[in-house]
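J.: Build the 3D model from these lines:
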Amino acid sequence: MNTFRNAILLITFLLLFASPGFGKPKPATRTYNSPCVDVWKATRSAVKDHYDVLNLNDQDLSGSFTTGSAWSGVRPIAFSLSGTGNACTVSVTGHFSGLIHNDKGDFFSRIEAALKAQAAVAIDEKTRTEPVKDEQTPNKR
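T.: Here you go, the predicted model:
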């Protein structure tokens with residue numbers, strides 16, 4: 001009877017703690033109010049500036065990169081973009097998310113920062129290219 005109870009406890013323990021290791025990572029998604037062309041530019045910029053690039057596919061609007069180090073562990077991340085019009089959804093898949101690292105959240109934050117920088121550059125370029133209106137008052141004599 002004692003052996004049967006130990007076997008049940010062992011099976012229960014394995015089912016509770018081993019099954020998450022066999023699960024697939026769940027993608028995190030975020031939708032931006034910008035065309036996918038603009039979000040892709042920001043995403044490429046974020047990946048090239050902050051990560052080790054594995055793959056960037058301009059046709060599929062997808063890619064992969066690694067983050068981490070020898071001390072914290074190298075973690076692969078894959079992403080893809082989809083959408084139409086002025087809405088673009090970024091889907092990010094990675095195997096790790098925990099208390100110490102928030103790889104998906106950090107990536108989304110870097111995309112948002114790159115989008116803001118692009119918008120600031122676009123506004124600056126627009127103000128430079130607009131002709132200055134010369135308001136001259138007619139001479140009154």
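J.: average pLDDT for the helix ranked longest in the chain?
T.: When the chain is parsed with DSSP state H, its longest helix is helix 103-129. Across helix 103-129, the average pLDDT comes to 87.
J.: Repeat that for stretch 41-61.
T.: For stretch 41-61, the mean pLDDT works out to 94.
J.: Can you show me the strands along this protein?
T.: For the chain, the strands defined by DSSP state E cover 28-32, 52-57, 62-67, 75-84, 87-94.
J.: just to revisit the earlier point, which helices and strands sit right next to the longest helix of the chain?
T.: If contacts are counted by 3 or more C-beta pairs under 8 Å, 6 or more residues apart in numbering; DSSP states H and E, helix 103-129 sits against strand 28-32, helix 36-50, strand 75-84, strand 87-94. Yep, even glycine has a C-beta here, placed from its N, CA and C like the rest.
J.: picking that back up, out of the strands of the chain, the one nearest Ala120 is which?
T.: strand 28-32 (15.9 Å; C-beta to C-beta).
J.: I'd like the mean pLDDT over the closest one, please.
T.: The average of the pLDDT scores along strand 28-32 is 94.
J.: quick one: strands adjacent to it?
T.: For strand 28-32, the pairing partners within the sheet under DSSP bridges are strand 87-94 (antiparallel).
J.: Between strand 62-67 and the strand it pairs with, find me the angle.
T.: Here strand 87-94 points in a direction 40 degrees away from that of strand 62-67 (axes from the mean of the first three to the mean of the last three C-alpha atoms, to 10 degrees).
J.: Strand 87-94 vs helix 103-129, what angle?
T.: Note on geometry: by the same axes, to 10 degrees, strand 87-94 and helix 103-129 are set 150 degrees apart in direction.
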